[in-house]
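Q: Kindly return the folded structure for what I paste below:
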Amino acid sequence: MAVGGIELELSNLILLCPHSFALSSTRATNILSFLTSPIVWRSEVGKIIAKFVRIGIVVGSVSINAGPSFAQEDTDNPQVIASEKSIRAAASRSINLFKRSSVRYLKERKCPSCHHQTMSLMVFKTARRAGFKIDNLESKRQVERVSGFYNTRRARFESEVVKLPITPVGYHLWSLDLGGHQPDDLTKVMTTALLKNQNELGHWKRRDYRPPASATSFTSNYVAIRALNRYGTTEQKEQIAIRAAAVRNWIDETSAHDTEDQVFRLRLAYELKLPPEKRKEFVERLKKEQHASGGWSQKPDMQPDAYATGTVLVALHEAGHV
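A: Have a look, this model is predicted:
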């Protein structure tokens, strides 16, 4: 079927629900039914949402080698039976979509972005790990876009450190990490910016509001802590520990009000290495938010959509070990 101008087959979506999610056949089928329903893809936003869903699709493909998918278990339902060959073929088409999209973005835009560099690199790295052939040049170009942008603006970047929006800086360091960029003077400048920003507050409060990808302080804190864990220097170790402790206190005192909050709260808990019982609490809360139709909604008063559903499944898989 075609959704939002993008070819989408049921076998693509099977990859969202690998056996490692421990979903029942009925529950997983509900997710697939929801994601393939016309209402999900009715608007132009569906074209963008489809890309985010494929993040979950490709991440899910990693688990195929670990055990059978739910589709292979449910032999009574021909709609969800697919061979590994057909699943990998569907995933390959999804990966090619990201390749085309990332190339086009570099041609049409001069700046880096959270949604193209980070998400594309996430897919390329996961796909490569799953055995798909990915040209290293694809990742190299995305990393060069991020590093080039910050290198040419380094002087301004250093002088305006307290004014910088945390979420994009954190996302861009995530991009560099996914692309294999080693710690250097540039990453030190960027981590210094993160540490100086809102130092008096302890945790980080989002400065920009661009929902859904940049709309919650849980996201800001997650991308900041993730970046500091990977690119923080020896000299910054004490400062990082202080900020991490402040974020731990903040996460204990702060409620999650919508799905994006919950997704990045779980990711943040994993990054902070919170006790397993705490992470399990966040996992169970997310599971309970699943609608009877199979999907998740962005907010309690909204209908389920593909973006929320995809981000929840990936977070449960990566940070919740479900």
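Q: Every contact and neighbour count from this point should use C-alpha atoms.
A: Noted.
Q: List the buried residues for the lengthiest helix in the chain?
A: Longest helix in the chain, counting residues (DSSP state H): helix 84-108. Within helix 84-108, the residues that qualify as buried are 84, 87-88, 90-92, 94-95, 97-99, 102, 105-106, counting by 16 or more other Cα atoms under 10 Å.
Q: Packing partners of that helix?
A: helix 10-14, helix 45-61, helix 119-129, helix 136-152 (3 or more Cα pairs under 8 Å, 6 or more residues apart in numbering; DSSP states H and E).
Q: From the chain's centroid, how far away is the last one?
A: Relative to the chain's own centre, helix 136-152 is displaced by 19 Å; criterion: Cα atoms, centre = their mean, to the nearest Å.
Q: Go through that helix and flag the buried ones.
A: 138-139, 141-143, 145-147, 150.
Q: List the first helix or strand encountered after it toward the C-terminus.
A: helix 154-159 (DSSP states H and E).
Q: Which residue comes closest to Val247 once chain neighbours are left out?
A: In space, and not counting its chain neighbours, Val247 is closest to His203: 4.9 Å by Cα to Cα, 6 or more residues apart in numbering.
Q: give me every residue that touches the one you found.
A: 221, 243-244, 246-247, 250 (Cα atoms under 8 Å, 6 or more residues apart in numbering).
Q: need the residues you listed in CSV with pLDDT and neighbour count, can you?
A: CSV is the format used below for these (pLDDT from 0 to 100; neighbours: other Cα atoms under 10 Å):
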residue, pLDDT, neighbour count
Asn221, 97, 27
Arg243, 97, 22
Ala244, 97, 21
Ala246, 97, 15
Val247, 98, 23
Trp250, 97, 16
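Q: Could you tell me which of these are located in helices?
A: Taking DSSP H as the definition of helices, the contacts of His203 contribute 221, 243-244, 246-247, 250.
Q: Ile251: neighbour count?
A: Neighbours of Ile251 under the rule other Cα atoms under 10 Å: 16.
Q: tell me the pLDDT at it?
A: We have a pLDDT of 97 for Ile251.
Q: Tell me which residues touch it, please.
A: Ile251 neighbours (Cα under 8 Å, 6+ apart): Arg265.
Q: and with 10 Å instead?
A: 203, 218, 221, 265, 268-269 (Cα atoms under 10 Å, 6 or more residues apart in numbering).
Q: cool, Trp204 as well?
A: So Trp204 contacts 165-167, 194-195, 197-198, 217-222, 224-225, 243, 246-247, 250 (Cα under 10 Å, 6+ apart).
Q: try it again with 8 Å
A: Neighbouring residues of Trp204 by Cα under 8 Å, 6+ apart: 166, 197-198, 217, 220-221, 247.
Q: Buried among those? Make that a PyMOL selection.
A: The following PyMOL line selects those of those that are buried, judged by 16+ other Cα under 10 Å:
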select buried, resi 166+197+198+217+220+221+247
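Q: can I get the contacts of Trp204 in TSV with distance to Pro276?
A: TSV is the format used below for the contacts of Trp204 (distance: Cα to Cα, whole Å):
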residue	distance to Pro276
Ile166	28
Asn197	30
Gln198	29
Ser217	22
Ser220	22
Asn221	20
Val247	17
